[in-house]
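S.K.: Return a 3D structure for these sequence lines:
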Amino acid sequence: MTADPSEPVPRDWWKSAVVYQVYPRSFMDSDGDGIGDIPGIRQRLDYLQRLGVDVLWLSPVYKSPMDDNGYDISDYYDVDPLFGTLADLDDLIADLHERGMKLVMDLVVNHTSSAHPWFQESRSSKDNPKRDWYWWRPPRPGHSPGEPGAEPTNWGSAFSESAWTFDPDTGEYYLHLFASSQPELNWENPEVRQAVYSMMNWWLDRGVDGFRMDVINLISKVVHDEPPDLRDGIRGGPDRQPGPIDTVRFGDPGPHVLHGPRVHEFLQEMHREVFAHRPPGLLTVGETPATTVEQGLLYTDPARAELQMVFQFEHVDLDSGPGGKWDLAPATSRDLIDSLAQWQEGMGEIGWNSLYLGNHDQPRCVSRFGDDSPEHRDRSAKALATVLHLLRGTPYIYQGDELGMANAPFRDINDTRDIESHNAYRAALARGQDPDAAMEAIRYKGRDNARTPMQWDASEHAGFTTGSPWLEVNPDHVTVNAAAQVNDPDSVFSHYRKLIKLRHQEPVVVHGTFTRLLRDGEDVHGYLRRLDGRELLVVANLSSKEGLEAAVPDAPTWAASELVLSNAPEPAERDRIVLGPWEARVYRRG
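M.R.: Below you'll find the predicted structure:
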């Protein structure tokens with residue numbers, strides 16, 4: 001159950017909370033324009049309350065040209081008309097608070113939109129007061145402005161293009177680690193930082209309950225004292241050497257922009273300026289790609305006063321080969337559990353984990369880590385949720401995962417809308433890659449898999465809109481939808497409800513220690529949670545194989561103990577634990 005709004009908020013309330021991410025463009029459309037909006041979200045709050053979640057994380061609804069679906073912000077202080085009005089957002093906050101729920105906003109402050117007034121001023125002239133609010137650099141020495149190879153460094157962006165764009169009006173280049181319409185803010189400038197903190201305080205004063213901070217570990221760049229102050233990165237390909245951009249193999253900016261020398265200083269300053277003087281009740285989570293356990297501890301150690309938790313990427317990069325995201329590589333369930341367990345053990349009693357398998361940037365978890373075939377979809381969705389939600393950390397549910405929504409059957413690139421997928425497809429073809437192979441990678445890992453409209457019912461557009469949806473609804477919505485599941489006690493939705501209820505009612509889930517079992521298991525995995533004599537055993541067969549035994553220590557005693565939760569019929573055997581395909585069980589004793 002969600003918290004009683006009249007009760008004092010415990011300081012570590014977020015440890016027992018469950019967060020639900022809403023991607024507003026795809027959640028619920030109230031006005032028939034084919035795009036989800038804030039009034040549509042308000043219409044579905046009873047659904048979220050029934051699920052039992054505590055926090056709604058809202059992906060960006062700020063004003064934006066929508067080149068990156070709102071992650072390119074042109075006005076931090078207003079709502080884009082696509083999604084409604086500022087008054088609509090105020091009403092959403094009030095509705096959530098009345099239900100004892102909280103609202104966390106996406107905070108995108110590593111970069112802005114190129115349409116933001118700050119950038120428009122910055123690019124207007126070299127002596128504009130806001131020129132240094134962004135990263136501007138002259139051409140590479142010995143090159144003419146704008147010619148190929150003249151970029152200040154050879155860095156590539158995350159969207160398969162140069163990380164530098166030439167501005168002919170001033171003859172310099174600006175840095176963007178994502179799309180060319182997303183210029184990087186220069187956090188070295190204290191005026192930038194103060195402008196960001198002022199904006200954050202404005203939203204908190206308005207009633208927002210915290211922030212999910214987009215790529216927050218990129219805000220500090222490695223700046224050298226002597227020219228060039230920004231250095232080339234290692235290129236891909238056989239030579240693996242620094243050097244000018246060759247239009248195909250870019251240099252890796254990672255070592256120069258990830259976990260920069262001042263990132264912890266900036267986050268600690270942010271905490272002092274924005275959060276330190278406020279009462280308990282706020283949530284801060286940072287998206288931090290390429291983060292190790294050791295770095296995760298630095299970000300989340302309460303004594304350092306930076307972030308409560310981070311989204312690390314290790315487990316969602318397991319199926320990426322040496323060529324990056326689109327270089328598909330097989331990953332096993334053991335790989336997944338190895339990664340999750342490493343973070344459980346490494347963060348220990350100091351840091352705190354964000355528990356997630358899917359979000360707006362990842363393909364659907366049941367298609368990626370489970371089995372989305374009709375035979376195994378429901379059970380594998382439940383098994384994955386069971387393994388994830390009972391770990392130590394705060395679970396995040398991405399909209400539709402609680403229904404077992406799966407990847408979409410995109411026919412070709414024209415079925416997709418995401419700028420990352422389109423750029424990657426063009427780059428693959430420019431390298432001579434077969435179009436079918438390029439499309440196979442996008443079908444598997446493209447971000448639009450997570451962005452198909454929410455499947456509310458079996459009607460033509462899944463109950464999402466009365467108009468034409470901005471992205472086609474997955475055709476499987478006729479069988480996989482909320483209307484078919486909310487009253488079904490055996491549905492994926494109902495299983496998620498049980499997991500959330502268990503977290504809210506059982507302290508060992510939140511505060512217990514973690515001990516991994518079955519370390520050598522290829523398909524069967526298990527772990528133990530302990531607190532004050534209470535124990536929970538979680539075991540799962542993460543495969544379609546029949547009759548696999550979970551040979552945990554003291555198995556006969558566990559098999560005869562209380563079966564708290566399962567995604568399969570009651571087991572006949574009570575002296576050992578034998579699991580069917582994608583079967584997960586939770587036992588309790590003490």
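
S.K.: tell me the SS of the residue nearest to P10 when sequence neighbours are not counted?
M.R.: Spatial nearest neighbour of P10, chain neighbours left out: P280 (6.7 Å); criterion: CB to CB, 6 or more residues apart in numbering. (C-beta placed from N, C-alpha, C; glycine too.) Secondary structure assignment for P280 (DSSP: H, G, I helix; E, B strand; the rest coil): coil.

S.K.: gap between the residue nearest to G400 when sequence neighbours are not counted and P24?
M.R.: Sequence neighbours aside, M454 is the residue nearest to G400 in space, at 5.6 Å (criterion: CB to CB, 6+ apart). Distance, M454 to P24, by CB to CB, to the nearest Å: 10 Å.

S.K.: Overlap in contacts, those two.
M.R.: Shared contacts of M454 and P24 (CB atoms under 8 Å, 6 or more residues apart in numbering): G36.

S.K.: which residues touch the residue nearest to P10?
M.R.: V9, P10, R11, W13.

S.K.: Around the third one, how many other residues sit close by?
M.R.: Same thing as R11. 11 (other CB atoms under 10 Å).

S.K.: Which pLDDT does the model give it?
M.R.: Note on R11: pLDDT of 83.

S.K.: quick one: secondary structure of A408?
M.R.: coil.

S.K.: count of residues packed around it?
M.R.: When neighbours are counted by other CB under 10 Å, A408 comes out with 24.

S.K.: does it really touch N474, like I thought?
M.R.: Yes - counting by CB atoms under 8 Å, A408 does reach N474; the two are 4.8 Å apart.

S.K.: residues shared between the contacts of those two?
M.R.: In contact with both A408 and N474: T452, using CB under 8 Å, 6+ apart.

S.K.: any idea which helix is longest in the chain?
M.R.: helix 190-206 (DSSP state H).

S.K.: Quick check: buried residues in that one?
M.R.: Applying a neighbour-count criterion of 16 or more other CB atoms under 10 Å, one finds V192, R193, A195, V196, Y197, M200, W203, L204 buried in helix 190-206.

S.K.: for stretch 425-441, same thing?
M.R.: Y425, A427, A428, A438, M439, A441.

S.K.: ok, and what's touching it?
M.R.: For stretch 425-441, contacts defined as CB under 8 Å, 6+ apart pick out S160, E161, V248, W326, D327, L328, F410, D412, I413, A424, I442.

S.K.: per-residue pLDDT, the residue nearest to the spatial centre of the chain?
M.R.: In the chain, the residue lying closest to the centroid (CA atoms, centre = their mean) is N359, at 4.3 Å. Model confidence at N359, expressed as pLDDT, equals 97.

S.K.: Ignoring the adjacent residues along the chain, who's closest to it?
M.R.: Spatial nearest neighbour of N359, excluding adjacent residues (CB to CB, 6+ apart): Y398 at 4.9 Å.

S.K.: Would you map the helices across the stretch 51-200 of the chain?
M.R.: Assigned by DSSP state H, counting those that start in this stretch, the helices in the stretch 51-200 of the chain fall at 86-98, 117-122, 190-206.

S.K.: Against N186, how distant is T165?
M.R.: Applying CB to CB, the value for T165 to N186 is 16 Å.

S.K.: Comparing the two, which residue is more hemmed in?
M.R.: Ranked by neighbour count (other CB under 10 Å), T165 and N186 place N186 first, with 21 against 17.

S.K.: helices or strands up against the helix or strand hosting A484?
M.R.: Per DSSP states H and E, A484 falls inside helix 482-485. Applying 3 or more CB pairs under 8 Å, 6 or more residues apart in numbering; DSSP states H and E, we find helix 482-485 packed against helix 492-505.
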